[in-house]
Every structure is written in C-alpha cells, then in structure tokens.
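> model the following, please.
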Amino acid sequence: MSLELPKPIAAFFEGSLAECFAEDAVVRDEGQTIEGLAAIQQWKAETKRKYQHTIKPLDCAEKDGKTVVTCRLTGNFPGSPLDLRFIFSVEAGKIASLEIH
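Numbers count the residues shown, from 1 in each chain. Okay, the predicted model is just below:
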C-alpha cells in the first residue's frame, strides 16, 4: 500500500527540492534552522552525504493545519533505523516550513 501524499511533499521525498519548497522556506532539523531554498538544498545534500540514509514514509496525517508524515530513516547514524516525524506546512502549493522530530 502506498501513501497518498500532497504533491509538494511527495516531491520532497523524491528529491525535487526546487519544485517543492518556497524560495523563503524554513527547515528545522537537528537543532538547526535552515532558511531559503539554496540553503535547504545544501542542507539536504550534506545530510545525505553524512548519513547515507534512506527515508520511507510510513504514515500521513493532518494535524493543526499541518501535514505530519511519519518516516523510517535507515542509514549511517546511531540508532538506525529510526522513526521520525516530518511536519510540513504548505502554502500556495509549496512547502513553507518543515520540522523534523
């Protein structure tokens, strides 16, 4: 069974960052705040290189106007595999913010 994810969120998991993020989007991950599309693209590349991880979306739910996608991350980090929540705020068809917990 595959999840039905909103288009910009599906694009995020497919790696199409320029398609899915607003130019002024914000990402919060590992205690960092990453602002703007160029910085987000750099963050994504560095994270992939550092952890060599894969992300598998497991569940998707709407909560307080945000889309919460629970994912299993498997890679080169302590505690792998690990389930994390990706909390997306989408505005005008683009991801405005993403928090990873």
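
> partners of the spatially most central residue of the chain in the sheet?
Centroid-nearest residue in the chain: residue 86, 5.5 Å away (criterion: C-alpha atoms, centre = their mean). When assigned by DSSP bridges, residue 86 has beta-bridge partners residue 69, residue 100.

> show me the contacts for it.
68, 69, 70, 71, 98, 99, 100 (C-beta atoms under 8 Å, 6 or more residues apart in numbering). (Each C-beta comes from the backbone N, C-alpha and C, glycine too.)

> and the closest residue to the fifth one other than its chain neighbours, helix, strand or coil?
Sequence neighbours aside, residue 27 is the residue nearest to residue 98 in space, at 4.8 Å (criterion: C-beta to C-beta, 6 or more residues apart in numbering). Per DSSP: H, G, I helix; E, B strand; the rest coil, the local secondary structure of residue 27 is strand.

> what's across from residue 27 in the sheet?
residue 34, residue 98.

> what is the burial count for it?
Counted by other C-beta atoms under 10 Å, the residues lying close to residue 27 total 21.

> can you check the one 4 residues further on too?
For residue 31, the tally of surrounding residues (other C-beta under 10 Å) stands at 5.
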